[in-house]
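Enquirer: Quick one, fold the following:
(4 chains)
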There are 2 protein chains.
Amino acid sequence: MAADARPAPLESRLGYLLKHAQSKLATASAEALAPYGVDGHELAVLVVLSGDVPLSQVEAAGRLGVDRTTMVALIDRLEDQGLVERRRSPHDRRKNIVELTPAGRECLGRAEKARREVERRFLAPLDEGTAATLVRALQMLLAEERGPE
Amino acid sequence: MAADARPAPLESRLGYLLKHAQSKLATASAEALAPYGVDGHELAVLVVLSGDVPLSQVEAAGRLGVDRTTMVALIDRLEDQGLVERRRSPHDRRKNIVELTPAGRECLGRAEKARREVERRFLAPLDEGTAATLVRALQMLLAEERGPE
DNA sequence: TATTGTTATACTCTATAACTATA
DNA sequence: TATAGTTATAGAGTATAACAATA
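Expert: Model (predicted):
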């Protein structure tokens, strides 16, 4: 290809497509989650904290791929809303075990329902098979992220 | 579904997938474009400015979906590197027409080649049909953005 | 010495407000 | 009055550095 050939238009560039798709979904999610007092990031925190194994702040931060200093403010906001509680770990007193309160579980359930609905609406322009392929393709692209375990 | 059912794991959530896919590609792109002195955003500016019709700063900003105040700094950096030139429009002296210099065209050609290569590597885990479906699916999801024209 | 939580700080990205000049 | 470019400023969002408590 010659150096002065037409560059690909923006709408055909993967970077552009991913960025704008992410942004469009984020906007719709923020709107849908607003009634529950959490944003997408905070909902993700509730999700990782809702597992069987209680997590400390660093552990939760690791699951989400954010810094532990970022986690402090996230937990602060959730705790202010009564959705989670910090308690000192008896086994390692440096650690804060963070657990969902009953209100936190309720919020998680409702917000998750809203999130699923937003996702469904977002994917509505695609037929079922295409939507499934999209999700699987994205999962495959990220699978190598941490390498094989 | 009961309110206390398991929420979907992060890796199955579209928001998570889009965000991390975008971030992974952005990191790879930044690395690949570094030798050419531009980042992904600046390359996109070169692309929109390389069309047949000369654009003013606001017009270019509109194409990229950024504010005109953001465009000032972008053009500043490109002009400092000698990749673009501002000139006052003779028809409307409020407007800066921004055009690529020969060095800008050369940079665009090389950087575009690097970008295509990064995209190819990024999509390598997918077979050809799946990769094509991914791109088309993202285009369809964004098609409604501005509504039918 | 290393790790956890915390705070203060800084950095990046982007938008809003206000100014100048032009229309 | 409205628009284009510019500057100053502010607001998210997130990371780095440093400190206290604990291991």
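
Enquirer: Next up, the contacts around the one residue sitting closest to the centre of chain A.
Expert: For chain A, the residue sitting closest to the mean C-alpha position, by CA atoms, centre = their mean, is A:A44 at 4.4 Å. Contact analysis of A:A44 by CB atoms under 8 Å, 6 or more residues apart in numbering or on different chains lists A:L64, B:L10, B:R13, B:Y16. Where you see a C-beta, it was placed from the backbone N, CA and C, and this is true even at glycine.

Enquirer: do A:R120 as well
Expert: No residues are in contact with A:R120 under the rule CB under 8 Å, 6+ apart.

Enquirer: In a helix, it, correct?
Expert: Yes. A:R120: assigned to a helix according to DSSP: H, G, I helix; E, B strand; the rest coil.

Enquirer: And the helices in chain A?
Expert: A:14-33, A:40-49, A:57-64, A:68-80, A:102-123, A:128-143 (DSSP state H).

Enquirer: Could you tell me the end-to-end distance of stretch A:25-43?
Expert: 15 Å (CA to CA, to the nearest Å).

Enquirer: same check, this time on stretch A:61-70
Expert: First-to-last residue span, stretch A:61-70, CA to CA: 8 Å.

Enquirer: That one: how far from the chain's middle?
Expert: 12 Å (CA atoms, centre = their mean, to the nearest Å).

Enquirer: I'd like the helices of chain A laid out as TSV, including mean pLDDT.
Expert: TSV is the format used below for these (pLDDT from 0 to 100):
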stretch	mean pLDDT
helix A:14-33	93
helix A:40-49	96
helix A:57-64	96
helix A:68-80	96
helix A:102-123	96
helix A:128-143	95
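
Enquirer: which of these sits most buried?
Expert: Among these, helix A:40-49 has the highest mean neighbour count (mean count of other CB atoms under 10 Å in any protein chain shown), at a mean of 22.

Enquirer: Test my guess that A:S29 contacts A:R115.
Expert: Yes. In this structure, A:S29 is within contact of A:R115 by CB atoms under 8 Å, at 6.5 Å.

Enquirer: so what sits against both of those two?
Expert: A:G40, B:G15.

Enquirer: picking up where we left off before, any figure for the gap between the residue nearest to the centre of chain A and B:R68?
Expert: Counting by CB to CB, to the nearest Å, the gap from A:A44 to B:R68 is 34 Å.

Enquirer: do the same with A:A5
Expert: Counting by CB to CB, the gap from A:A5 to B:R68 is 30 Å.

Enquirer: Also A:G51?
Expert: 46 Å.

Enquirer: Reformat the helices of chain A as a markdown table; add distance to B:A111.
Expert: Shown next, in a markdown table, are the helices of chain A (distance: least, CB to CB, whole Å):
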| stretch | distance to B:A111 |
| --- | --- |
| helix A:14-33 | 12 |
| helix A:40-49 | 33 |
| helix A:57-64 | 33 |
| helix A:68-80 | 32 |
| helix A:102-123 | 32 |
| helix A:128-143 | 22 |
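
Enquirer: Tell me which of those sits nearest to B:D92.
Expert: helix A:14-33 (29.2 Å; CB to CB).

Enquirer: elements contacting the closest one?
Expert: helix A:40-49, helix A:102-123, helix B:14-33, helix B:102-123, helix B:128-143 (3 or more CB pairs under 8 Å, 6 or more residues apart in numbering or on different chains; DSSP states H and E).

Enquirer: again, only using 10 Å
Expert: Using 3 or more CB pairs under 10 Å, 6 or more residues apart in numbering or on different chains; DSSP states H and E, the elements in contact with helix A:14-33 are helix A:40-49, helix A:102-123, helix A:128-143, helix B:14-33, helix B:40-49, helix B:102-123, helix B:128-143.

Enquirer: Tell me which of the ones you listed lies nearest to DNA strand D.
Expert: helix A:40-49 (5.7 Å; CB to the nearest atom of the strand).
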